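Student: coordinates for the following, if possible.
(one chain, ligands or ions: 1)
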Amino acid sequence: MRGLETLTTTELSAWVQQARTFARKGKVIDRIPQLALADANLFAVCVLCAKGSVYSEGETSCIFPLMSAVKPFSLLYLLQHLGTETVFQWVGVEPSDVAFNSLEQLVKDRGRPRNPMINSGAITLADKLPGKSASDRSQHLCQWLNQRAGCQLELDEVMLASVRLVNSQVNRDIARYLAQAGYLEDIEKAIDTYEQICCLSGTVEDLARLGLLLACENGRVATQYRRYVNALMLTCGLYEASPQYALQIGLPIKSGVGGALLAVVPGRGAIACYSPALDNAGNPVAALAFVEAISQDLGLSIFGN
Ligand SMILES: NC(=O)CC[C@H](N)C(=O)O
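Tutor: I've put the predicted structure just below:
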């Protein structure tokens with residue numbers, strides 16, 4: 001295993017060039033108007049090593065919303081503040097083999113969210129974040145992450161307005177079912193919080209800094225909770241595609257429909273990508289191709305190589 005810090009800029013450029021060709025296999029999300037404006041061919045990557053080296057390439061100045069890439073971090077916040085016993089009363093740890101916003105699965109599970117990486121779990125946990133209003137909750141999480149990870153996330157108000165315009169019926173139905181099952185207090189506040197934290201935005205460097213918070217012992221978040229979040233990213237982070245990529249890549253990964261993809265290399269660093277073209281599961285295609293190439297060539301899989 002060569003390790004993350006041995007990569008060369010020549011290799012990086014080759015992996016980026018190859019990954020870019022995969023964008024044509026994907027499609028930019030069209031149900032959120034502001035996201036639908038993204039250029040499918042954009043690609044950016046930032047590799048942050050624990051020992052301090054930083055490698056980046058592509059359109060690295062792009063600012064994009066985390067969307068579901070925020071879910072590991074609302075989970076991390078709640079674990080750090082409330083512990084596993086409390087948090088896992090609210091959500092399970094089982095992988096899901098259907099779409100991340102499946103109401104049918106929640107009904108089949110009698111209202112108990114299967115895991116924190118799908119919408120039912122994330123909406124439930126959003127409702128548990130501290131704060132009088134949804135804005136207080138979102139700002140508090142944003143400040144906590146920026147302070148712990150040294151990143152500069154901000155709420156993209158234009159993106160939030162576009163998400164609110166869509167007024168996702170499926171998320172509303174999920175929230176209503178969660179409330180009936182006793183997992184939510186205030187449906188409107190839960191959805192508003194969830195939509196706001198999904199619209200926390202930054203660059204690939206910001207996302208990589210968040211990833212470093214999960215990758216290494218740092219005294220800012222407990223090792224036990226980093227371990228839980230990494231494990232749930234590995235088993236649930238790419239939704240129904242998680243098992244396939246656990247085999248092909250072997251790293252904790254979380255995606256977002258805005259084009260974000262974060263891979264954690266435990267003990268070594270983090271790989272953050274931005275590529276808006278998505279596959280049918282809602283995962284960024286070019287970003288997955290990049291992470292698969294770098295993981296295989298450098299032997300990064302947690303299962304050895
Ligand atoms: N997978 C995602 O990134 C989904 C996030 C988006 N806010 C939604 O609920 O549909």
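
Student: which of the residues in the helix or strand containing residue 289 are buried?
Tutor: Residue 289 is part of helix 285-298 when elements are defined by DSSP states H and E. Residues 285-295, 298 are the ones in helix 285-298 that count as buried (16 or more other CB atoms under 10 Å). (Glycine included, C-beta is placed from N, CA and C.)

Student: show me what that helix is packed up against.
Tutor: Packing partners of helix 285-298 (3 or more CB pairs under 8 Å, 6 or more residues apart in numbering; DSSP states H and E): helix 9-20, strand 44-49, helix 242-248, strand 253-255, strand 260-265, strand 269-274.

Student: could I get the ones you listed as TSV with mean neighbour count, mean pLDDT and distance to the ligand?
Tutor: Below are the helices and strands packed on helix 285-298 laid out as TSV (neighbours: other CB atoms under 10 Å; pLDDT from 0 to 100; distance: least, CB to the nearest ligand atom, whole Å):
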stretch	mean neighbour count	mean pLDDT	distance to the ligand
helix 9-20	16	96	20
strand 44-49	25	98	17
helix 242-248	16	97	13
strand 253-255	30	98	7
strand 260-265	28	98	8
strand 269-274	29	98	13
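
Student: between those, which one is nearest to residue 104?
Tutor: helix 242-248 (18.7 Å; CB to CB).

Student: distance of the residue nearest in space to the middle of the chain relative to the ligand?
Tutor: Nearest to the geometric centre of the chain sits residue 69, at 1.7 Å (CA atoms, centre = their mean). Distance, residue 69 to the ligand, by CB to the nearest ligand atom, to the nearest Å: 7 Å.

Student: wait, that residue sits on residue 259?
Tutor: No. Look at residue 69 against residue 259 with CB atoms under 8 Å: they stay out of range, at 9.4 Å.

Student: thinking again about what came up before, how about the helices and strands packed on helix 285-298, which one is nearest residue 183?
Tutor: Residue 183 lies closest to strand 253-255 among the helices and strands packed on helix 285-298, at 21.8 Å (CB to CB).

Student: show the contacting residues for residue 15.
Tutor: Counting by CB atoms under 8 Å, 6 or more residues apart in numbering, residue 15 touches 290, 293-294, 297.

Student: quick one: which of those is nearest the ligand?
Tutor: For these, the minimum distance to the ligand (CB to the nearest ligand atom) is 18.6 Å, reached by residue 290.

Student: with adjacent residues omitted, what lies nearest to the closest one?
Tutor: In space, and not counting its chain neighbours, residue 290 is closest to residue 19: 3.7 Å by CB to CB, 6 or more residues apart in numbering.

Student: now residue 9
Tutor: Once flanking residues are discounted, residue 9 sits nearest to residue 55: 6.7 Å by CB to CB, 6+ apart.
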